[in-house]
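Q: Turn this into a structure:
(one chain, ligands or ions: 1)
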Amino acid sequence: MGHIRILGAGECGLPLAHRLLRAGRPVTLVAAREAAAVLNGTVTSTQVKFPATLDLETAAGLGHWRSMAPEIQGIRLAAVLDGRRILGWTGRFSRPAQSVDQRTVFARWLTDYIDAGGDLEIGDPPVAEVDRRAAEYDLTVVTRASGELAACFPADPAWPAADRPARQLAVLYLDGAIPDPDDLGIYVSLPGLGEVISYPGLTGAPGEERRCEMLLIEARPGGPLDVFDPHDSSSEQLRRTLRLLDTYLPADLADRYRAAELTDARAALTGAVKPAVRLPVGTLPSGRPVLGGGDVVCRMDPGGAQGANNAAHCAEIYAAAILARPDGPFDRSWMFSAATPWLTGTAHHAARWTAAVLDPPAGMQQLMQSAQHDPALANAFADTFARPADMVRFAAPNAGTAPQG
Ligand SMILES: Cc1cc2nc3c(=O)[nH]c(=O)nc-3n(C[C@H](O)[C@H](O)[C@H](O)COP(=O)(O)OP(=O)(O)OC[C@H]3O[C@@H](n4cnc5c(N)ncnc54)[C@H](O)[C@@H]3O)c2cc1C
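A: A predicted model of the protein is given here:
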């Protein structure tokens, strides 16, 4: 029976490893860090997950937080200029979304994997080592997007290459923020400056999880929101954030964060994501092919809230394809056919949606205006975060009313 090696223990690698292990397939998972180090590390994402993703995790026995994590019922969208709302609506999701700190999730999934007898290696092998070890396995799946390994995957020529990130990011997990009265996430567009996104989530060690508010600032590079220095302490990041909220948000929104404090010493992150769409099959220096999943193949700015959802769907599709072929071979052509349903059904729609959200084309701006007076359209628009493929229907002629079905 083909032995599978998975590099990267995150949103894609961990569920894939669990699914294969549960099905009795020989699998080795390579993680950069032990569970305790993940838990004691810095926040990595804001990871809101939509119902289809949560369903996948529940079905795989990984949805431990479903009844515990706060439900995000929809989006309270506002466009704000000079501190005043110039547009606003609320759109409710058909079913709630949730967000659980990746530190909590990955630490628990890693521990469960070991407890279930999974084979785990801790390390950060260089490409030459990955190549050498790949010869011992029937299939190597790469789900970590570090530069050297990612470079083994050619850019997809069908997608424009981004030369820089669209946004500079700042993430904070907060205690003491006043919750939205309707359990909605807020999405504030500051035209020309960026976005402020915030929703309730769950953080803390497994068994000690608690509610918090997760805040993401998406700053246009070089603009007035782009004030974060990677060398800032987390308390300095909080101070800068509160000043930005005070300056740019309407007072009633900024007030929600005035008493906020970081949930822990590593609850703040700054950085940027340069989007990239790559081919799903990489070639190691020896010429050996490897299958890529998650961010390594489709990396998106977090503003569209797609990457974790995308990675989870990738894991499910790859697991099904591997389990359908107990003895392989897992050759290059099999890899392309295994990846195609994920790319065409999920990843490419997510990448298009993310690009559109960050820089809404005129038609989408019109729809956002219309949604103010059309609650069904607002709901449908909110649901597009969960089903980016629906964006096509928004773009269709006569769009302007909520897509049906
Ligand atoms: C600020 C921010 C906010 C986000 N918000 C959302 C959101 O709301 N919704 C959403 O769907 N997505 C969101 N994302 C994106 C989402 O977090 C990622 O797309 C998702 O985690 C990708 O899954 P993955 O399995 O490909 O990679 P990861 O989940 O990053 O897993 C990769 C794993 O590989 C490990 N690793 C890294 N380098 C090495 C190495 N050299 N050697 C060994 N292991 C290594 C990492 O530690 C990690 O465990 C956000 C991202 C960011 C940065």
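Q: Count the neighbours of Pro329 for me.
A: 11 (other CB atoms under 10 Å). In this view, the C-beta of every residue, glycine as well, is placed from N, C-alpha and C.
Q: got it, and Leu253?
A: So Leu253, with other CB under 10 Å, has 21 neighbours.
Q: Now do the buried residues in the host helix or strand of it.
A: For Leu253, the enclosing helix or strand under DSSP states H and E is helix 251-254. For helix 251-254, a neighbour-count test (16 or more other CB atoms under 10 Å) marks 253-254 as buried.
Q: Equivalent analysis for stretch 349-369, please.
A: Buried residues in stretch 349-369 (16+ other CB under 10 Å): 349-358, 364, 367-368.
Q: re earlier: mind checking the pLDDT average for the helix holding Leu253?
A: Here helix 251-254 scores 97 as its mean pLDDT.
Q: So what's the model's average confidence on the top strand by length along the chain?
A: Ordering each strand of the chain by length in residues (DSSP state E) puts strand 84-99 first. Here strand 84-99 scores 97 as its mean pLDDT.
Q: still on that earlier bit, quick one: which of the buried residues of stretch 349-369 is nearest to the ligand?
A: Ala350 (8.4 Å; CB to the nearest ligand atom).
Q: isn't there a strand covering that closest one?
A: No: assigned with DSSP: H, G, I helix; E, B strand; the rest coil, Ala350 falls outside any strand and is helix.
Q: Which residue is the nearest non-sequential neighbour of it?
A: Take Ala350 and drop its neighbours on the chain: the residue closest to it by CB to CB, 6 or more residues apart in numbering is Gln306, 3.8 Å away.
Q: didn't Arg317 look like it was pressed against Thr344?
A: For residue 317 the amino acid is Ile, not Arg. No: judged on CB atoms under 8 Å, Ile317 makes no contact with Thr344 at a distance of 10.7 Å.
Q: more neighbours, these two?
A: Ile317 (22 against 11).
Q: any idea how far the more buried one lies from Thr28?
A: Distance of Ile317 to Thr28, computed by CB to CB, to the nearest Å: 20 Å.
Q: Check Ala355 too.
A: Ala355 is 36 Å from Thr28, by CB to CB.
Q: same thing with Ala321?
A: 18 Å.
Q: Check Pro403 and give its pLDDT.
A: Per the predicted model, pLDDT is 38 at Pro403.
Q: So for the residue in the stretch 301-405 of the chain that the ligand sits nearest to, what's the nearest residue that isn't a sequence neighbour?
A: Per CB to the nearest ligand atom, the residue of the stretch 301-405 of the chain with the smallest distance to the ligand is Gly307, at 2.0 Å. Distances taken as CB to CB, 6+ apart put Met300 closest to Gly307, at 5.4 Å, once the chain neighbours are dropped.
Q: do the same with Gly8
A: Nearest non-adjacent residue to Gly8 (CB to CB, 6+ apart): Arg144, at 3.1 Å.
Q: Need phi/psi at the one you found.
A: Dihedral pair for Arg144: phi -130, psi 140, per degrees, to the nearest 10.
Q: try Asp55
A: phi -60, psi -40.
Q: and what of Ile197?
A: phi -130, psi 140.
Q: Could you report the distance from it to Asp374?
A: Per CB to CB, Ile197 is found 23 Å from Asp374.
Q: Next: Ala308.
A: Remark: distance between Ala308 and Asp374 (CB to CB) = 30 Å.
Q: From the chain's centroid, how far away is the helix or strand harbouring Ala311?
A: Element membership of Ala311 [criterion: DSSP H and E] is helix 307-323. In this view, helix 307-323 has its centroid 14 Å away from the chain centroid, taken as CA atoms, centre = their mean, to the nearest Å.
Q: The helix or strand harbouring Ala36 and the ligand, any residue contact?
A: Using DSSP H and E, Ala36 maps to helix 35-39. No: on the criterion CB under 6 Å from any ligand atom, helix 35-39 is out of touch with the ligand, staying 7.0 Å away.
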